[in-house]
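S.K.: Give the three-dimensional model of this entry:
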Amino acid sequence: DQVFEALRLVVMRHRIPPRHPLELIRGFEMDVDERVYHTLADTRDYCYHVAGVVGVMMAMIMGSRDETVLDRASDLGIACQLTNIARDIVDDARAGRMYLPLQWVQEKGLESLDPEDRGQWGKLHELAVRLLDDAEPHYASAQAGIAALPRRSAWAIAAANRVYRDIGSKLRNRGPAAWEKRIHTSNARKCVLLAQSVGDVIIS
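M.R.: Now for the predicted structure:
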């Protein structure tokens, strides 16, 4: 398969341990198996497998081998995925998927998610904010790690940090109405965030 052959070449060229792409495949398997995420730790585990390990491999492609830097790269992936989950709670529920900790959902008195029940959206937004709060330390960790990257790579990572945080900020501010229209970042807003991320790199 051409995709896997390309992956093999990248893994060999950058000396990426085989366990990392296998961890990513394990993340896909979690979706296929329709895994239930009972606790926040379970949700974080999913986030690592579908996004955190991608951050690790990206950092390796950028030339990093320092374990601390790789940990911070993983944190960015986890933070971005937590933000994605928070943004997409209703859309995921429409597709029959739920990545929220089941424990949290039950604490809100919900037996299951009904994406068409607007009465649930207030409670779901509170849970989304909890996920965003959990993402913040991961974003901060990733921000602290950009100094160890080459400048161009650092700029890309700083920009990703700002763009995904901006999505989370919009979700917080819009409240339950956030799911009436999918939140995204406009090209104009991305340009502003890209310019601001240059300052992040300089400061770092």
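
S.K.: element containing Arg26, please.
M.R.: Arg26 is part of helix 19-32 when elements are defined by DSSP states H and E.

S.K.: As a check, name the ranges of all helices in this structure.
M.R.: Using DSSP state H, the helices of the chain run over 2-13, 19-32, 40-47, 53-61, 67-87, 89-94, 102-107, 118-145, 151-174, 187-203.

S.K.: would you list those in CSV and tack on distance to Lys181, mean pLDDT and mean neighbour count?
M.R.: All C-beta spots, glycine's among them, are computed from the backbone N, C-alpha and C. Output for the helices of the chain, formatted as CSV (distance: least, C-beta to C-beta, whole Å; pLDDT from 0 to 100; neighbours: other C-beta atoms under 10 Å):
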stretch, distance to Lys181, mean pLDDT, mean neighbour count
helix 2-13, 33, 93, 11
helix 19-32, 25, 96, 14
helix 40-47, 25, 98, 19
helix 53-61, 27, 94, 22
helix 67-87, 11, 95, 23
helix 89-94, 11, 95, 18
helix 102-107, 24, 96, 15
helix 118-145, 13, 95, 18
helix 151-174, 9, 92, 18
helix 187-203, 15, 90, 13
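
S.K.: okay, those in CSV with distance to Glu180 next?
M.R.: Below are those laid out as CSV (distance: least, C-beta to C-beta, whole Å):
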stretch, distance to Glu180
helix 2-13, 36
helix 19-32, 26
helix 40-47, 25
helix 53-61, 30
helix 67-87, 13
helix 89-94, 9
helix 102-107, 21
helix 118-145, 9
helix 151-174, 8
helix 187-203, 19
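
S.K.: The residue lying farthest from the centre of the chain and Asp71, how far apart?
M.R.: Of all residues in the chain, Asp1 has its C-alpha farthest from the mean position, at 27.5 Å, by C-alpha atoms, centre = their mean. Going from Asp1 to Asp71 by C-beta to C-beta, to the nearest Å gives 31 Å.

S.K.: ditto for Arg19
M.R.: 15 Å.

S.K.: just Ile157 next, same as before
M.R.: Distance from Ile157 to Asp71, by C-beta to C-beta: 14 Å.

S.K.: joint contacts of these two?
M.R.: Gly145 (C-beta atoms under 8 Å, 6 or more residues apart in numbering).

S.K.: which residues touch Arg44?
M.R.: Ile78, Leu82, Asp134 are the contacts of Arg44 under C-beta under 8 Å, 6+ apart.
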